[in-house]
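Asks: predicted model and sequence follow; I will ask about them next.
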Amino acid sequence: MIFATLEHILTHLSFSIVSIVIAIHLMILSVHEIIGLRHSSEKGMLATFFSLTGLLVIRWISSRHFPLSNLYESLIFLSWSFSIIHMVSKLWNHKNDLSTITAPSAIFTQGFATSGLSSKMHQSAILVPALQSQWLMMHVSMMLLSYAALLCGSLLSVAFLVITFRKNIDIFFRSKNLLILIKSFFFGKIEYLNEKRSVVKSTSFLSFPNYYKYQLIRRLDYWSYRVISLGFTFLTIGILSGAVWANEAWGSYWNWDPKETWAFITWTIFAIYSHTRTNQGLHGTNSALVASIGFLIIWICYFGINLLGIGLHSYGSFT
């Protein structure tokens, strides 16, 4: 009874804190230099991390097995993974460009786990024989950590594409204005040139807004590559440990189960991404497009089997 009460308190506490954190982030985006609010948001994410950690530990103690046996627990662990990625990225970079990705991801994941699933799915059950293995912690935790990192990195790539697209549109229109000025000059329309003198200011490609966008694009590209590389490493470890576990449980390293197939597709997509990053001709927009495709593939891999309830990995299905 006491474990259920503590779990209920920590669930709503973590959800409330991360909701406040997102509200603070929105205020920071509206008013750029609010140092006190920025510090408060970081403390909020730290409190969210400890609340989710306490929630997972309580479920571990009460169920007497690692809390990754059903969909609800995996979503809570995924939300916990987003919070730890947020804090690790904060240690690496004081600007913490990932904060606008990790905080909303944490609240949406936990919100769906808390409100989107039935109360019956929140209850911890006895593990089926196939899950009663020491490989449960290794395989599932690595896969969920990889999902969290790859989702964050993919969202950064999506942001990279959006900002690059808008920047190219701005450059196009500014170039068009510049061509109009040059044309008016050669045709001797000096009075027209004087009237449009203000346009010259908007055609400066070395202006502060363009420089800021350039720096932002570089940071997004840098962090996207670093986070996806980390997630790809976790994914590789998770697939390999899962293969060893499958051999112990089912007598075969690979069975082309739907979950295994989509995990292989996910690994292939991000292997292609890693290749494009090493090729200068495919660097930048092309690699970001591959990562954006990977964002959709991850959700198919994570939720596809849960929606259908088929295959050997259907223990955490909706049905």
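Replies: Yes, it's here. Numbers count the residues shown, from 1 in each chain.
Asks: so residue 255 touches residue 247, yeah?
Replies: No: counting by CB atoms under 8 Å, residue 255 does not reach residue 247; the two are 10.0 Å apart. (Glycine included, C-beta is placed from N, CA and C.)
Asks: any idea which element residue 82 lies in?
Replies: Using DSSP states H and E, residue 82 falls within helix 71-92.
Asks: so which residues of the stretch 201-319 of the chain form helices?
Replies: 208-250, 258-278, 285-308 (DSSP state H, counting those that start in this stretch).
Asks: do you know which of those lies nearest residue 118?
Replies: Among these, helix 285-308 comes nearest to residue 118, with 13.3 Å by CB to CB.
Asks: what's that closest one packed up against?
Replies: helix 135-186, helix 208-250, helix 258-278 (3 or more CB pairs under 8 Å, 6 or more residues apart in numbering; DSSP states H and E).
Asks: restrict that helix to CA atoms and write it as PDB.
Replies: C-alpha atoms of helix 285-308 as PDB (Å, rounded to 0.1, in the frame of the first residue of the first chain):
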ATOM      1  CA  THR A 285      21.000  18.800 -45.300                       C
ATOM      2  CA  ASN A 286      21.300  15.200 -46.700                       C
ATOM      3  CA  SER A 287      22.300  13.700 -43.400                       C
ATOM      4  CA  ALA A 288      19.600  15.700 -41.600                       C
ATOM      5  CA  LEU A 289      17.000  14.300 -44.100                       C
ATOM      6  CA  VAL A 290      18.100  10.700 -43.200                       C
ATOM      7  CA  ALA A 291      17.800  11.500 -39.500                       C
ATOM      8  CA  SER A 292      14.300  12.900 -40.000                       C
ATOM      9  CA  ILE A 293      13.300   9.700 -41.700                       C
ATOM     10  CA  GLY A 294      14.800   7.800 -38.800                       C
ATOM     11  CA  PHE A 295      12.500   9.800 -36.400                       C
ATOM     12  CA  LEU A 296       9.500   8.100 -37.900                       C
ATOM     13  CA  ILE A 297      11.100   4.700 -38.100                       C
ATOM     14  CA  ILE A 298      11.900   4.800 -34.400                       C
ATOM     15  CA  TRP A 299       8.200   5.300 -33.400                       C
ATOM     16  CA  ILE A 300       7.200   2.500 -35.800                       C
ATOM     17  CA  CYS A 301       9.700   0.200 -34.100                       C
ATOM     18  CA  TYR A 302       8.700   1.200 -30.600                       C
ATOM     19  CA  PHE A 303       4.900   1.400 -31.000                       C
ATOM     20  CA  GLY A 304       4.300  -0.800 -34.000                       C
ATOM     21  CA  ILE A 305       4.300  -4.200 -32.200                       C
ATOM     22  CA  ASN A 306       2.500  -2.700 -29.200                       C
ATOM     23  CA  LEU A 307      -0.400  -1.500 -31.500                       C
ATOM     24  CA  LEU A 308      -0.600  -4.900 -33.300                       C
END
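Asks: just the buried residues of that helix, please?
Replies: For helix 285-308, burial by neighbour count (16 or more other CB atoms under 10 Å) applies to 287-292, 294-295, 297-298, 301-302, 304-306.
Asks: residue 11 touches residue 54, doesn't it?
Replies: No: under the criterion of CB under 8 Å, residue 11 makes no contact with residue 54, lying 10.1 Å away.
Asks: more neighbours: which of those two?
Replies: Under the criterion of other CB atoms under 10 Å, the comparison of residue 11 against residue 54 puts residue 11 first, with 19 against 16.
Asks: and the next element down the chain from whichever helix or strand that one is part of?
Replies: Using DSSP H and E, residue 11 maps to helix 2-30. Where DSSP H and E defines the elements, the next helix or strand beyond helix 2-30 is helix 35-63.
Asks: now for that next one, which elements pack on it?
Replies: Under the contact criterion of 3+ CB pairs under 8 Å, 6+ apart, helix 35-63 touches helix 2-30, helix 71-92, helix 99-111.
Asks: buried ones in whichever helix or strand comes after the shortest one?
Replies: Using DSSP H and E, the helix or strand that follows helix 99-111 towards the C-terminus is helix 119-122. For helix 119-122, burial by neighbour count (16+ other CB under 10 Å) applies to 121, 122.
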